[in-house]
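**Student:** Build me a model from this:
(one chain, ligands or ions: 1)
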Amino acid sequence: MTCKKLSIAIIGGTGDLGSGLALRWAKAGYPIIIGSRSKAAAEEAAKKLAKISGGQVTGDENSLAAASAGLVVLTVPFSNHEPMLNIIKDGVHGKILIDVTVPLAPPKVMRVKLPVGGSAAKETQDFLGDEVRVVSAFQNIAADLLHDLTATIECEVLVCGNNKDARAEVVELAKSAGMTAWHAGPIDNSAAAEALTSLLIFINKNGPVTHAGIRVTGDPKS
Ligand SMILES: NC(=O)c1ccc[n+]([C@@H]2O[C@H](COP(=O)([O-])OP(=O)(O)OC[C@H]3O[C@@H](n4cnc5c(N)ncnc54)[C@H](OP(=O)(O)O)[C@@H]3O)[C@@H](O)[C@H]2O)c1
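**Tutor:** Residues are numbered from 1 along each chain as shown. Next up is the predicted model:
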């Protein structure tokens, strides 16, 4: 028996991170809906991603993409975070929303600056209410690694959210896209994952490596 996979809408999926996630999940067999402010731009991006991944990728305007998917991923710059939540709020009701947002404050992107609400993902959860299971993830993954389907992604994914089952679903989604992911606690903990990105950008700029990432170490429990 074949098990039908959940459809995933990627809001801002024409961009760097969203299209990278789309590519990897489409390749893994998830039906993807690319969201954009422009339906035409979404359809054009979807066509390219379908060709590269060999998967099922369609495109639509952001609010319609959110409404038609089983799970929604928010991948727009922090400056558009709250306006975009307003646009998709009806469509995400009752669903899991993955928030990848890093609340960077250009031009000082190497300096941690968290928003007044604690973190971008905490603000998302507070804005949408308990009917939406907000899970934060992927803030520490570089978009170009996602786009290189031959790349082994060594940076691990911290997954934060108040609902354990929703977190587990996102851990599985990260695995299906080729990454190791960890349950990292409630949505309040997203502040740490979001803040880490500025440190990684600093290390990339000033250290001897590119694509700096994080990895959880430890001894197996008996
Ligand atoms: N890039 C990375 O390596 C990376 C890594 C980890 C986390 N992130 C996070 O992922 C999110 C997306 O990053 P990105 O680099 O993919 O961003 P991006 O390419 O700059 O933008 C993503 C998409 O957001 C939409 N957008 C841009 N301006 C908008 C506006 N004023 N109103 C509504 N939508 C707008 C655009 O889609 P349309 O024009 O088609 O509407 C754009 O393609 C950010 O929050 C970032 O912090 C990025």
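**Student:** quick one, phi psi at Gly13?
**Tutor:** Gly13 adopts backbone torsions of phi -70, psi 0, taken as degrees, to the nearest 10.
**Student:** Wait, it touches Gly35, no?
**Tutor:** Yes. Under the criterion of CB atoms under 8 Å, Gly13 lies in contact with Gly35, with a separation of 5.4 Å. Using the backbone N, CA and C atoms, a C-beta is placed for each residue, glycine as well.
**Student:** Now the phi/psi pair for Gly59, please.
**Tutor:** In this entry, Gly59 is assigned phi and psi values of phi -140, psi 150 (degrees, to the nearest 10).
**Student:** Distance check, it against Ala40.
**Tutor:** Applying CB to CB, to the nearest Å, one obtains 8 Å for the distance of Gly59 from Ala40.
**Student:** quick one, which of these two is more surrounded?
**Tutor:** Neighbours per residue, other CB atoms under 10 Å: of Gly59 and Ala40, the larger number sits with Gly59, 26 against 10.
**Student:** Surely that one touches Lys39?
**Tutor:** Yes. With contact taken as CB under 8 Å, Gly59 and Lys39 are classed as touching, separated by 6.8 Å.
**Student:** that older thread, and for Gly13 and Gly35, which residues touch both?
**Tutor:** 42, 59, 65 (CB atoms under 8 Å, 6 or more residues apart in numbering).
**Student:** I'd say Ser136 and Leu97 touch.
**Tutor:** No. Judged on CB under 8 Å, Ser136 makes no contact with Leu97 at a distance of 9.6 Å.
**Student:** which parts of this structure sit against the ligand?
**Tutor:** Counting by CB under 6 Å from any ligand atom, the residues of the chain close to the ligand are 12, 14-18, 36-38, 41, 75-78, 80, 84, 100-102, 104, 138-139, 141-143.
**Student:** are any of those buried, and which?
**Tutor:** Buried residues within the residues of the chain next to the ligand, counting neighbours by 16 or more other CB atoms under 10 Å: 12, 14-15, 17-18, 36-37, 41, 75-76, 78, 84, 100-102, 104, 138-139, 141-143.
**Student:** I'd like to know which of the residues of the chain next to the ligand are part of helices.
**Tutor:** Secondary structure from DSSP state H places 16-18, 41, 84, 143 of these in helices.
**Student:** For the ligand, what's the nearest residue on this protein?
**Tutor:** Distances from the chain to the ligand, computed as CB to the nearest ligand atom, single out Gly15 as the nearest residue at 2.2 Å.
**Student:** quick one: contacts for the nearest residue to that residue once chain neighbours are set aside?
**Tutor:** With CB to CB, 6 or more residues apart in numbering as the criterion, Gly15 has its nearest non-adjacent residue at 6.0 Å, and that residue is Thr75. With CB under 8 Å, 6+ apart as the criterion, the residues that contact Thr75 are 10-13, 15, 17-18, 21, 100-101.
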